[in-house]
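*Asks:* Everything below, folded, please.
(chains A and B)
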Amino acid sequence: METLNELLGGFATAMTWQNLLFAFLGCLLGTIIGVLPGVGPVAGVALLIPLTLNLDPAGSIIMLCAIFYGTQYGGTITSVLLNTPGEASSAITTIDGYAMTKMGRAGAALTLAAVGSFIGGTIATVGLVAAAKPLGEMGLLVGPPEFFALMVVGISLLVALAGKSMVKALISGALGLLISMVGIDPVAGAPRFTFGIDNLMDGVSFVAVIVGVFGLSEILSFRRNEPTPMVHAPGFRQLFPSRTEWRRSAPAMARGTGVGFGLGLIPGMTGSVSSLLSYATEKRFSRFRHQLGKGAVEGVAGPETANNAHANAALIPLFTLGIPASPTIAVLMGAFLQQGLTPGPSLFTEHSEIAWAIIASLFIGNVLLLLLNVPLVGLWTSILRVPTPILTAVILVFMVIGAYTINFSVFDVYVMIGFGLLGLALRNLDIPLAPMVLTLVLGPLMERSLRESLEISQGDFTVFTSRPISAVLIGLGLLIICSPLLKLRKPRALMEDPEA
Amino acid sequence: MSRKKIIAAVAAASLLALTGCGANAGAGNSAAAAGDFPKKGKSIDLIVAFSSGGAVDTAARLIQPVLEKELGTNVEVINKPGAGGQIGYTALTGAKPDGYTIGATGSPSVVVSPLDPARGAKYTRDSFQPLGRQVIDPTVIAVQPDSPYQTLKELLEAVKAKPKSLTASTTGIQTGEHFALAQIQESTGSEFAPVHFSEGASQATTAFLGKHVDVLVANVSDVNDLSKQGKARVLGVMSGDRAPSLPDIPTFKESGYDLTAGTARGYSAPAGLPADVAKKLEAAIEKAIEDPAVVQKMKDLGLQTSYLNGTDYQKFWAGQEDDFKKVLPLVQKKD
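*Replies:* Down below sits the predicted model:
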């Protein structure tokens, strides 16, 4: 009851017209930042912190939080419309989102993404209010061995992303792992696969890679698939999802919320892991899994719900334990500190009013984002009315700027172009791109946790099987990997399914 | 209708291109432009070689607004974590010495990576131009609140009797924490099993809170809050005097071990800055470090500001180098 009272008090603070304005501005700026390929949430929040410094603590944090989850939504827009992810956690949405656009369902895809984001974000915030403390402590149960086991489950979902050929999926996955190893060895500090090129010391920029592999290769393949693909702007009535689309999205959103919320609690996970695993979950459990990759609504609704649930859930360890669970949250934490607020348990005792105002503003921000984005769907989709040659040119400019602005380095532009060519080659060889993105994201996390785990156990591999949580997860991973083998024994009827 | 939109799109794109280029305009003529440093609208990158949320990052983010005011331009904090600082330091020392790239530097990490040829560091201590020291943050040893060890002596005796029986966190191979463990091993014979959390202190603390490592080796600022909340039992501080923020915790010397260790943090540029650019940066950094609000916020975090100018900061590094050379073999990879 006390909690509810405090929350209501928080709403009172958050609903003043100034704070509503800050939340609105934050949502708007965040959406715009998310739309720009390359400028992700970390850079976006960091760039805009100076804007908020002179505001009072509540207003400034409210605005920054709004920017933060606004970017999560904005990233979807270019993923769906242009097959170019605006930020990493929307990379996977390109697959079905863009396929929907080709079918004239761009509006439906964007509306479902907005609604999914709203649901995921709101439920995660309810979780923050209801059970922040125990949930935060639960995240701590995931130590290096459990983290590694989770990564095994993630990598095992390669099977789900395989498409027609397991071998081709493994090639794609291995490529991603190789690329993720470029740079300085994170533990021993020696350069790996850098070929003496200084620019590779930091590794290959993930955003440059995905913009190249998905976006540039798409544009490069235009000419090959003459005539140009039928991408057209939908009419007004096509802007909104049909009843079937709603019905099919609902379970995907529910699963996406679960995946995003659960992973968001774990320090060190990023939003892109959540959206990838949500996609893989759909690929495995959705009734319409065989349509995924061809424009299934589940492939948009699931991951987009997951990354917003993740974003809000990731605030739980920050609020309750003072642990920044992801790079963006850490930037937010910097803003807290500059306002004289130390995140952690003392936040609720020493600055209770502000803490609750921020939580209330998360609800408000999610509503604002929905109100802001659903009406804008028509505007965004009208981008598709621009004639293809001009649109292509504009997208190319955006991609080059996006790649350049990651580190203000021309090298990243070359990386983007190189990976565009690689993406084109992979498409021509019919090698799926999703497994590569999966291993590119999970590879470094997996390596790090493996090495930490073995240091904890001093080289004893049983550390992964002797701890209950990690043992269960490893078992689950193995089960997923083996499941296609089990399927081989099933009756022929199943085998005749084109995708099985 | 559509033409208008095209124009709008192209205008937006070119605007972006302009701002993007603006950030790097004139990068080539640094020597001539020293007088008007920093150029209006050209932002300065402040590279932090550790992940966000740790003490180095927090300090950098605290001085950032003051630096911006003093220099009259944007200062962007950029995190490049990994390999105990080596990734970020490589980026810092590889940048053009024009004042538009500076970095937070912590020793011992800056001092020791180049000492071990196996790490393939592309920089030496001379690749840095120190601009000012901000704090010294002593190393502490803490155990779980339910640990059987009540005093430092009990802990160290137990580990001496059974080497490698307890795991202890570091923030990466050959970082301050790793060297502290080496110093303890050398002078007491107590050998812990180090677990290297190469992404930094926040990751190590998280693992400790989840009870995945037994002993937390960290800095005073990392354990300040944990100790107050009863989530860590701090057994000893490796400094000459007790830490003001942890007045009840004895120093190592009080417990009978004459050992000091800690991280010193400050700011540096790549070597070879034009003299007047260096002077301007040094002055702005001093202002930011000594800013009363910043000093107070650092104090709230358990950090004691102890400013040194660039020259003295450099001398301080040289002294540290001599100390670390002695225990270097203990922290080198044997396999």
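
*Asks:* Could you find the residue nearest the spatial middle of chain A?
*Replies:* Chain A has A:Ser89 as the residue nearest its centroid, 2.0 Å off, counting by C-alpha atoms, centre = their mean.

*Asks:* so what's it closest to, chain neighbours aside?
*Replies:* Distances taken as C-beta to C-beta, 6 or more residues apart in numbering or on different chains place A:Gly271 nearest to A:Ser89, at 3.7 Å, with adjacent residues excluded. Yep, even glycine has a C-beta here, placed from its N, CA and C like the rest.

*Asks:* With B:Glu70 instead?
*Replies:* The nearest residue in space to B:Glu70 (C-beta to C-beta, 6+ apart) is B:Ala284, at 3.8 Å.

*Asks:* all strands of the stretch 101-250 of chain B, in order?
*Replies:* Applying DSSP state E, counting those that start in this stretch to the stretch 101-250 of chain B gives strands spanning B:101-107, B:128-143, B:167-170, B:193-196, B:215-219, B:233-237.

*Asks:* TSV for the ones you listed, including mean neighbour count, mean pLDDT and distance to chain A?
*Replies:* Below are these laid out as TSV (neighbours: other C-beta atoms under 10 Å in any protein chain shown; pLDDT from 0 to 100; distance: least, C-beta to the nearest C-beta, whole Å):
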stretch	mean neighbour count	mean pLDDT	distance to chain A
strand B:101-107	26	89	10
strand B:128-143	25	92	15
strand B:167-170	25	94	6
strand B:193-196	24	93	4
strand B:215-219	28	94	12
strand B:233-237	24	95	17
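
*Asks:* near chain A, which residues of the stretch 101-250 of chain B?
*Replies:* Contact residues (C-beta under 8 Å from any C-beta of the partner chain) of the stretch 101-250 of chain B with chain A: B:113, B:118-122, B:164, B:167, B:172-174, B:193-199, B:202-203, B:205-207, B:209-213, B:225, B:229.

*Asks:* mind saving the C-alpha coords of whichever strand or helix holds the residue nearest to B:Glu70 as CSV?
*Replies:* If you go by DSSP states H and E, B:Ala284 is part of helix B:275-290. In CSV, the C-alpha atoms belonging to helix B:275-290 read as follows (Å, rounded to 0.1, in the frame of the first residue of the first chain):
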residue,chain,number,x,y,z
ALA,B,275,52.9,23.8,-25.4
ASP,B,276,50.1,26.3,-25.3
VAL,B,277,47.4,23.7,-25.9
ALA,B,278,48.9,21.6,-23.0
LYS,B,279,48.9,24.7,-20.8
LYS,B,280,45.3,25.4,-21.6
LEU,B,281,44.2,21.8,-20.9
GLU,B,282,46.3,21.6,-17.7
ALA,B,283,44.7,24.7,-16.4
ALA,B,284,41.2,23.6,-17.3
ILE,B,285,41.7,20.2,-15.7
GLU,B,286,43.1,21.7,-12.5
LYS,B,287,40.0,23.9,-12.3
ALA,B,288,37.7,21.0,-12.8
ILE,B,289,39.5,18.7,-10.3
GLU,B,290,39.6,21.5,-7.6
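
*Asks:* between that helix and strand B:128-143, what angle do the directions make?
*Replies:* 30 degrees (axes from the mean of the first three to the mean of the last three C-alpha atoms, to 10 degrees).

*Asks:* Also compute the angle for helix B:275-290 relative to strand B:101-107, please.
*Replies:* Per the same axes, to 10 degrees, the angle that helix B:275-290 makes with strand B:101-107 is 60 degrees.

*Asks:* Quick check: mean pLDDT of helix B:275-290?
*Replies:* On average, the pLDDT along helix B:275-290 is 90.

*Asks:* buried residues in that helix?
*Replies:* For helix B:275-290, a neighbour-count test (16 or more other C-beta atoms under 10 Å in any protein chain shown) marks B:Val277, B:Ala278, B:Lys280, B:Leu281, B:Glu282, B:Ala284, B:Ile285, B:Glu286, B:Lys287, B:Ala288, B:Ile289 as buried.

*Asks:* Relative to A:Phe319, which of these is nearest.
*Replies:* Nearest to A:Phe319 among the buried residues of helix B:275-290 is B:Ala288, at 28.8 Å by C-beta to C-beta.

*Asks:* how about the residue nearest to A:Ser89, what does it touch?
*Replies:* Taking C-beta atoms under 8 Å, 6 or more residues apart in numbering or on different chains, we find A:Gly271 in contact with A:Pro41, A:Gln72, A:Ala88, A:Ser89, A:Gly260, A:Gly264, A:Asn307, A:His310, A:Ala311, A:Ala314, A:Ser326.

*Asks:* A:Thr462 versus A:Ala113, what's the distance?
*Replies:* Distance of A:Ala113 to A:Thr462, computed by C-beta to C-beta, to the nearest Å: 44 Å.

*Asks:* Please apply the same query to B:Gly99.
*Replies:* Distance from B:Gly99 to A:Thr462, counting by C-beta to C-beta: 53 Å.

*Asks:* Just want to know which of the two has more residues nearby.
*Replies:* Neighbours were counted for B:Gly99 and for A:Thr462 using other C-beta atoms under 10 Å in any protein chain shown; B:Gly99 has more, 25 against 9.

*Asks:* Once you drop chain neighbours, what's closest to the more buried one?
*Replies:* B:Val277 (4.0 Å).

*Asks:* wouldn't that neighbour be in contact with B:Lys39 here?
*Replies:* No - checked against C-beta atoms under 8 Å, the pair B:Val277 and B:Lys39 is beyond contact range at 11.3 Å.

*Asks:* How far away from the center of its chain is stretch A:360-367?
*Replies:* 20 Å (C-alpha atoms, centre = their mean, to the nearest Å).

*Asks:* for the stretch 201-335 of chain B, which spans come out with low pLDDT?
*Replies:* Within the stretch 201-335 of chain B, the stretches with pLDDT under 70 are B:333-335.

*Asks:* most neighbours, which of the contacts of A:Gly271?
*Replies:* Highest neighbour count within the contacts of A:Gly271, by other C-beta under 10 Å: A:Asn307, with 39 neighbours.

*Asks:* roughly how far apart are that one and chain B?
*Replies:* 20 Å (C-beta to the nearest C-beta, to the nearest Å).

*Asks:* Tell me where the stretch 151-300 of chain A has helices.
*Replies:* With DSSP state H, counting those that start in this stretch as the criterion, the stretch 151-300 of chain A has helices at A:166-180, A:206-210, A:217-222, A:243-264, A:271-285, A:298-313.

*Asks:* Burial-wise, tell me which of those comes out on top.
*Replies:* helix A:298-313 (a mean of 34; mean count of other C-beta atoms under 10 Å in any protein chain shown).

*Asks:* Off-centre distance for it?
*Replies:* 7 Å.

*Asks:* From the contact counts, what lies against it?
*Replies:* Judged by 3 or more C-beta pairs under 8 Å, 6 or more residues apart in numbering or on different chains; DSSP states H and E, helix A:298-313 is in contact with helix A:57-82, helix A:93-102, helix A:106-140, helix A:243-264, helix A:271-285.

*Asks:* mind running it again at 10 Å?
*Replies:* Contact partners of helix A:298-313 among helices and strands, from 3 or more C-beta pairs under 10 Å, 6 or more residues apart in numbering or on different chains; DSSP states H and E: helix A:57-82, helix A:93-102, helix A:106-140, helix A:243-264, helix A:271-285, helix A:352-381.

*Asks:* ok, then the element right after it?
*Replies:* Downstream of helix A:298-313, the next assigned helix or strand under DSSP H and E is helix A:315-321.

*Asks:* and that following helix, what's its mean pLDDT?
*Replies:* Helix A:315-321 shows a mean pLDDT of 82.
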